[in-house]
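Visitor: Structure, please.
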Amino acid sequence: SSDLDGLSVAYGATILIFVACMLAFSPLLAQLRAFNTRFQALQCLVVAASLVGMLVLHGLEAFVPPPERYPDLYPALFSIYSFGHFLVAWVYGAVWQWQCEGGERAKAD
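Guide: Alright, predicted model coming up:
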């Protein structure tokens, strides 16, 4: 991104702090080698891929200028990337609710 507002250093520092917190406090990333199930390994892989994708997008925005034809390329890519995360979280939550509800009925019967 251009430094028109003078916040590039603060922006970069905030991203680095976020990544450091993710690596330090994420229960999924804290146990990189101690997977009990394939699902836990998949969760860790998804979180790591999300983090790498975020870093790639921010790096591209910081160091590669968008084409003149698409000046709003990076905001659009951030929006698409964020919507993908929202969609995955929504589907995961919906599936979890359906499984939880089914489990409660099966125990009651």
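Visitor: contacts, neighbours, all on C-alpha from now
Guide: OK.
Visitor: can you list the weak-confidence ranges in this structure?
Guide: Applying pLDDT under 70 to the chain flags the ranges 1-4, 26-36, 101-109.
Visitor: middle-most residue in it, spatially?
Guide: Nearest to the geometric centre of the chain sits Ser50, at 3.8 Å (CA atoms, centre = their mean).
Visitor: Determine the three-state secondary structure at that residue.
Guide: Using DSSP: H, G, I helix; E, B strand; the rest coil, the structure places Ser50 in helix.
Visitor: what number of residues lie near Val95?
Guide: Look at Val95: counted by other CA atoms under 10 Å, it has 12 neighbours.
Visitor: Please apply the same query to Val52.
Guide: Neighbours of Val52 (other CA under 10 Å): 13.
Visitor: again, but for Leu60
Guide: Per other CA under 10 Å, the neighbour tally for Leu60 reads 14.
Visitor: could you measure it against Gly53, distance?
Guide: In this structure, Leu60 and Gly53 are 11 Å apart, going by CA to CA, to the nearest Å.
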